[in-house]
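> what shape does this take:
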Amino acid sequence: MRRTLKVLLLCLMCIPARAWGQEAIKIGYVDLQRALNESEAGKKAKESFKVEVDHMEQSLEKRKSEVEKLKDELEKKGLLLREEERDTLERDYRQRLRDFERLYKDSQQELQIKDRDMTGRILEELRQVIQGMGEQGSYTVILEGNNTVVLYGAKAIDLTDTVIKTYNQKGTKISSKAGSKSSAAD
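Numbers count the residues shown, from 1 in each chain. Below is the predicted model:
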């Protein structure tokens, strides 16, 4: 993929500007990660995600303390209990521990999916903004300005700040959703 992009970029640079029907080739780049982190929608999504993470951590911590309490009870009273009672207590402890571990794993997966979903929606909206800028600004190509695609780019062709500003002014669906969820939670 990276090699194909480099070959494409090299080909674009080698083709005379007249072949494109333009006077000059116009190239720009955008640091999508920075745009994601600094845009209003990205900040709101981070806030919303942090609230969800905190809520989930509190719930997991409560379950964890219940399991630890049961473990302590088993360790302290285990020798004093009859064999059937101790076996029942051990089974209960093992079951709750498995439930907690499963819940923890499921919670982690759920958070990863939500993070991927929110990030994906914001990135898609950013791509739409970039596409519009490319068409309106008569750009030949706009590259992603991370360290693997653009190793160096003059600040003059860095469109990241403009993309962030345009995206924030656009009033995205994501920022509206995140804002309404956080105001509903308050």
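
> pull out the buried residues from the helix or strand that contains residue 51.
For residue 51, the element it lies in under DSSP states H and E is helix 40-77. Neighbour-count burial for helix 40-77 flags 40-42, 44-46, 48-49, 52, 56, 63, 67, 70-71, 74 (criterion: 16 or more other Cβ atoms under 10 Å). (Glycine included, C-beta is placed from N, CA and C.)

> what packs against the helix or strand just after it?
Using DSSP H and E, the next helix or strand after helix 40-77 towards the C-terminus is helix 83-136. Under the contact definition 3 or more Cβ pairs under 8 Å, 6 or more residues apart in numbering; DSSP states H and E, helix 83-136 sits against strand 27-30, helix 32-38, helix 40-77, strand 141-144, helix 160-170, helix 173-185.

> which among the ones you listed is found nearest to residue 91?
Residue 91 lies closest to helix 40-77 among those, at 10.4 Å (Cβ to Cβ).

> and the angle for the closest one with helix 160-170?
Here the directions of helix 40-77 and helix 160-170 differ by 90 degrees (axes from the mean of the first three to the mean of the last three Cα atoms, to 10 degrees).

> what pLDDT, on average, does helix 40-77 get?
Helix 40-77 shows a mean pLDDT of 90.
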